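Novice: with the input below, show me the fold.
(chains A, B and C)
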Amino acid sequence: MPELPDVEVIKHYLDSTSLHQTIEKVTVRNPKILGNVSPRVLREALTARKFQTTRRHGKYLLVHLDGGSWLTLHFGMTGRLEYFGDICEDPRYDRLRIDFVNGFHLAYVCQRMLGEVDLAEDAESFIKGKNLGPDAFGLDFTTFRNIIRGRRGAIKSTLMNQRRIAGIGNIYADEILFQTGLHPNTVPDRLDEEMLRRLFQGMKGVLQTAIDHHADSRRLPRTYVLRQRHKGGTCPRCKVELRRVKISGRTAYYCPRCQAA
DNA sequence: AGTACCACCTGACGGC
DNA sequence: TGCCGTCAGGTGGTAC
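Specialist: Residues are numbered from 1 along each chain as shown, chains lettered A, B, ... in the order given. Here you go, the predicted model:
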């Protein structure tokens, strides 16, 4: 699930629940979700510390500890955070649990185990080490144009390529292309300035709207194709049945009438 | 440079 | 009911 808007929502969630509280204990319930850090090192880095601030880059959430280092969270396809008071509420698929001195708990929940938790010395070098491009939400038009221009593959692949632009995944790439009226297989090379600008504004608009609605697909505007992402789904604009096609191994949904090839 | 395929995991769903 | 293939919004590696 978690693409940029989802991670932004998770960031707000962590900010409003877990900042400035002393960590009492850390339980790694499944060490496979850890990147390069061992359970012991992670425990030592977090225990008796506090989360000071957070930042997001693409689909990564970075949590700054008062000790100086950063806890890095990636949510894979099924990851999320859950904050709760009663230990009996510890959710299923809890892979890592942080107990605060105040008696509350923060769980990193990840059913499919495709996420990753790690420790980094520095946020910038972490982002560089992951080869992430600029964050889709902080991007200016000139940078965007330089990234898109000259690409010879499908536009959707470029939008989803985290090395080029960080934060957009399969779902929101489809939505951005729908809102812009572009076919997912469009070759970026051929886009003129006008279309590039529309695509840029479409990207910003979709991300902002999704964040405003807590990245909850049920709350998104009816003009959004995202809610129709299922077999038999129809175009919210012209009502024609959506098409499905594989692009770089992922399923793309698009409207054959509204999204010109 | 771009794509196709596989792997990593767990679970839901439809067909037989 | 049970088995099996397919699919699912993540990334990374390989071969072409």
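Novice: C-alpha only now, for contacts and for neighbours.
Specialist: Noted.
Novice: now the closest residue to A:P236 other than its chain neighbours. Its backbone dihedrals?
Specialist: Leaving aside its chain neighbours, A:P236 sits nearest to A:T223 (5.5 Å; criterion: C-alpha to C-alpha, 6 or more residues apart in numbering). In terms of degrees, to the nearest 10, the main-chain angles of A:T223 are phi -80, psi 0.
Novice: low-confidence ranges in chain A?
Specialist: Regions of chain A meeting the criterion pLDDT under 70 are absent.
Novice: closest residue of the stretch 1-150 of chain A to DNA strand C?
Specialist: Nearest residue of the stretch 1-150 of chain A to DNA strand C (C-alpha to the nearest atom of the strand) works out as A:M1 at 3.2 Å.
Novice: run a quick neighbour tally on that residue.
Specialist: Neighbours of A:M1 under the rule other C-alpha atoms under 10 Å: 16.
Novice: how far away from the center of its chain is stretch A:94-106?
Specialist: Counting by C-alpha atoms, centre = their mean, to the nearest Å, stretch A:94-106 is centred 23 Å from the centre of its parent chain.
Novice: thought the residue of the stretch 1-150 of chain A closest to DNA strand C was touching A:G79?
Specialist: Yes. If you go by C-alpha atoms under 8 Å, A:M1 and A:G79 touch, sitting 7.3 Å apart.
Novice: tell me the contacts of A:S38?
Specialist: By C-alpha atoms under 8 Å, 6 or more residues apart in numbering, the residues touching A:S38 are A:P31.
Novice: and if you look at A:G68?
Specialist: Residues counted as contacts of A:G68 (C-alpha under 8 Å, 6+ apart) are A:E121.
Novice: for it, give its distance to A:P39.
Specialist: 19 Å (C-alpha to C-alpha, to the nearest Å).
Novice: next one: A:L159
Specialist: 35 Å.
Novice: surely A:T17 forms part of a strand?
Specialist: No. Counting by DSSP: H, G, I helix; E, B strand; the rest coil, A:T17 is not found in a strand; it is helix.
Novice: neighbours around it, how many?
Specialist: 16.
Novice: just give the nearest non-adjacent residue to it, would you?
Specialist: Distance criterion C-alpha to C-alpha, 6+ apart; nearest residue to A:T17, sequence neighbours excluded, is A:Y83 at 7.0 Å.
Novice: how many residues are close by the one you found?
Specialist: 20.
Novice: equivalent analysis for A:D216, please.
Specialist: Around A:D216 there are 14 residues (other C-alpha under 10 Å).
Novice: neighbour-wise, which of A:L159 and A:P39 wins?
Specialist: Per other C-alpha under 10 Å, whichever of A:L159 and A:P39 has more neighbours is A:L159, with 26 against 19.
Novice: other residues contacting the helix or strand that that one is a member of?
Specialist: For A:L159, the element it lies in under DSSP states H and E is helix A:155-160. By C-alpha under 8 Å, 6+ apart, the surrounding residues in contact with helix A:155-160 are A:148, A:151, A:164-170, A:173-174, A:177, A:184-188, A:247-248.
Novice: if we go to 10 Å?
Specialist: If you take C-alpha atoms under 10 Å, 6 or more residues apart in numbering as the criterion, helix A:155-160 is touched by A:136, A:147-148, A:151-152, A:161, A:164-174, A:176-177, A:182-189, A:191, A:203, A:247-250, A:252.
Novice: would you write a ChimeraX line that selects the buried entries of those?
Specialist: Buried residues among the contacts of helix A:155-160 (16 or more other C-alpha atoms under 10 Å), as a ChimeraX selection:
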select /A:136,147,148,161,164,165,166,167,168,169,170,171,172,173,174,176,177,182,183,184,185,186,187,188,191,203,247,252
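Novice: so which of the contacts of helix A:155-160 are also by DNA strand B?
Specialist: A:R151, A:R152, A:I247, A:S248, A:G249 (C-alpha under 7 Å from any atom of the strand).
Novice: wouldn't the fourth one be in contact with A:A154 here?
Specialist: Spelled out, it's A:S248. Yes. Counting by C-alpha atoms under 10 Å, A:S248 does reach A:A154; the two are 8.6 Å apart.
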